[in-house]
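**Q** What follows is a predicted protein model with its sequence.
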Amino acid sequence: MNTSSAAARPRASIAASVAVGVASFVAVHLSLISPGLSQTAAPVPPTSAVAEKIAKLTVKSRSRELPSEKALRVRNALKHGDLATARQITADVLASSRLQSWRFYPFSDFINGVANAKDPALEERLDAWVAQNGNDAIPLLVRAQFYHDMGWIKRGTRFVGQVQPDHMEAYVGYMRKASRDIDAAIRLDDSNPHSFYLKLRILRGLGTMQDVRSVFEAAVARHPNYYPAYDVVLTMLQPKWGGTIEAMYAFVDHYAGPAGEHSPLKLLYVSLYRNLLGSASTACSSSGGDRQNKAECVASAMQDIVTPELRRNVVAALQLYDHSDKYQFGLALESILSDMFGTGGGEAYSSSILQLAASAMHSNTQLKRDDPGHNDYMVDKMVSHSWYLKGFYDNALTKSQDALNAIELTTFPSEEEKALAVAGIYQQFARIYDKLHQYADTAAYQEAAIGVAGKTSQEFYVCYAYYRLKDYDNALRACDKTIEDEPGNLKARYWRGQIHRDLGHLDAQLTDLTLVAESEDSFRARSAIDISMIHFNRKDVARALEALNRYTYLYDPELSGKSNAAVGYNNRCYAYMELGELKKALDDCTASLKYGNLPDAYRKQEQLIKRLGARGTSL
């Protein structure tokens, strides 16, 4: 029997939409369709279609630099060895920063942009900066932030037991270096509250609760009104970090309970509710893959751990809207609600808090209001986000437009903060249009977000959207730009790999995909599968098998998803079959069918059983 027939071929994975962070794949016959392309792709509009859409968006010029733009200037200065300029810009931003109700602005935003952990080459420049200015807290702080961020890039967001050992070792190494630097920075200058916040975040992955307590007490003694320090410790008191539900309640009662009626610390009650929901979701993670089962498990857990008193305190805390800076309150609440909406099984609870928040903010969550123009823009934005997560994308578009309209009626502290608000909505539009497969709009809104406020956190959407439009020249240009800005941007590298494949540049594709496959990124499984396909298509079955055996996470559905495990086992079954290792092939095809229903696996399994049976008879 010819095992090289179309029915026995390995399978590739495609993404119908970008679906960032979700490793779910659709397997297709290579003989029917090229991996990564849809059979029902929409007609490709001309490149000018994107430009025309951008032109229709409001992209006003600004008279002042954003924190992200200043951060980019620092990075460029460091790359060119201009340490004096890097130091001067950083010092100026620090001097202009103020401790506000729930943040230290603009320094906290700025330092995250400077550290830019997605650029590993920055480490050498930072070493030179620290070496030249050993008694200066600023370069030590920047390098500490870099080490912290790079550590988490290496580690990823999975539980410790699910992280590859060498990545975990790298994470610990970076955190230890970050800890040494931030300790030195604080000794030199303890007037910067962000330094204490960063130290606490470093300890989240490295220290003991006693270490955390000691640093926290020093932080609040020096900066008693610095809310992020309280919030990060509350998060670390979750059971998954070694804390307890009782410890979370005690912490909030101790610090928020006696605080003044309109103290920003009262928002800790809402944050406590968020952390309880996260703890319930984590505890229910083994309730099975069924979404309804998890929601029921979370509901049962929340019934047990949320007290009536906490519910009353949450309602009271939301009244801070009328007694504080409304813009800052909205930002703080958006962070909490975004986390809640991202909590598996917690949809009912996040929607409930959003409804309470809307009422407190004199807004409502209706799709079509009788009195448009009176909502807080942040409420409209979060309502849009909730519709997006539920898959009602047209409704999400409607509420995003409402949010844009509300921004025009909102008073902002500065023009740059209004620009950031507009750019945030533009990014939301980009995500929604991706789900609607309107890729010209996806590219236009993401380009506009970058143009309005330098919002580059999802810059790879531009590259991806042009790729889906089959405009490979602009797609490659956009990917190259993203990677130039952030060399470690793995999403951009994955999509650039797909562009290289379609252009026939297979060695370049292999280079990009290898970086992704060897990371903890959510795209690593599809990259590993695609790497095997490169070798299969080159008729190099041995190299394909080597790749499939290298990326062992493919065979763990908890790490890669059931559909990827099915494809991984199926492809390895084919490789073993081609190489004559029939028993191993049968085991893998059987394992593939445990996680999916690939017709290829059924056919190969049948063939293998017959061949092994015939072999046994001949013996």
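**A** Right, received. Where do you want to start?

**Q** Give the other helices and strands that the strand or helix carrying C463 contacts.
**A** Using DSSP states H and E, C463 maps to helix 460-468. Helices and strands touching helix 460-468, by 3 or more Cβ pairs under 8 Å, 6 or more residues apart in numbering; DSSP states H and E, are helix 415-435, helix 439-453, helix 472-485, helix 490-502. (Each C-beta comes from the backbone N, C-alpha and C, glycine too.)

**Q** In the third one, which residues are buried?
**A** Residues of helix 472-485 classed as buried under the neighbour-count rule (16 or more other Cβ atoms under 10 Å) are 474-476, 478-479, 481-483, 485.

**Q** Please tell me how far Y393 sits from T442.
**A** Remark: distance between Y393 and T442 (Cβ to Cβ, to the nearest Å) = 12 Å.

**Q** ok, Q605 touching D588?
**A** No - contact criterion Cβ atoms under 8 Å: Q605 and D588 do not qualify, at 9.5 Å.

**Q** More neighbours: those two, which one.
**A** D588 (27 against 19; other Cβ atoms under 10 Å).

**Q** what's the spacing between the nearest residue to the more buried one once chain neighbours are set aside and K604?
**A** What sits nearest to D588 in space, not counting adjacent residues and going by Cβ to Cβ, 6 or more residues apart in numbering, is C573, at 3.8 Å. Going from C573 to K604 by Cβ to Cβ gives 6 Å.

**Q** what does stretch 151-160 rub up against?
**A** Applying Cβ atoms under 8 Å, 6 or more residues apart in numbering, the external contacts of stretch 151-160 come out as 117-118, 163, 167-168, 170-175, 178, 205, 240, 488, 519-521, 559.

**Q** on that earlier part again, determine the residues that are contacts of both of C573 and K604.
**A** In contact with both C573 and K604: 585, 589, using Cβ under 8 Å, 6+ apart.

**Q** what's W102 sitting at in phi/psi?
**A** phi -130, psi 20 (degrees, to the nearest 10).

**Q** which non-adjacent residue is nearest it?
**A** Per Cβ to Cβ, 6+ apart, closest to W102 is A332, 4.0 Å.

**Q** before we move on, the earlier item: among the contacts of stretch 151-160, which are in helices?
**A** 167-168, 170-175, 178, 559 (DSSP state H).

**Q** picking up where we left off before, more crowded one of Y393 and T442?
**A** T442 (29 against 19).

**Q** ok, now which ones touch the nearest residue to the more buried one once chain neighbours are set aside?
**A** Distances taken as Cβ to Cβ, 6+ apart place A465 nearest to T442, at 4.0 Å, with adjacent residues excluded. Neighbouring residues of A465 by Cβ under 8 Å, 6+ apart: 430, 434, 439-440, 442-443, 446.

**Q** Distance check, A465 against H167.
**A** 30 Å.

**Q** any weak-confidence spans in the stretch 501-619 of the chain?
**A** 615-619 (pLDDT under 70).

**Q** likewise the chain?
**A** Ranges of the chain meeting pLDDT under 70: 1-9, 11, 13-47, 58-60, 117, 286-289, 369-373, 615-619.

**Q** Tell me where it has strands.
**A** 12-14, 26-28, 98-99, 104-105 (DSSP state E).

**Q** so who does G134 touch?
**A** Per Cβ under 8 Å, 6+ apart, neighbours of G134: none.

**Q** Now it: phi and psi?
**A** phi -60, psi -20.

**Q** mind checking how far the closest residue to I111 other than its chain neighbours is from T456?
**A** Beyond its immediate neighbours in the sequence, the residue positioned closest to I111 (Cβ to Cβ, 6+ apart) is Q145, lying 5.4 Å away. Q145 is 17 Å from T456, where distance means Cβ to Cβ.

**Q** Likewise for D402?
**A** From D402 over to T456 (counting by Cβ to Cβ), the distance is 26 Å.

**Q** can you check D556 too?
**A** From D556 to T456 the distance is 33 Å (Cβ to Cβ).

**Q** Tell me where the stretch 501-619 of the chain has helices.
**A** 506-517, 524-537, 541-550, 557-560, 562-578, 582-595, 599-618 (DSSP state H, counting those that start in this stretch).
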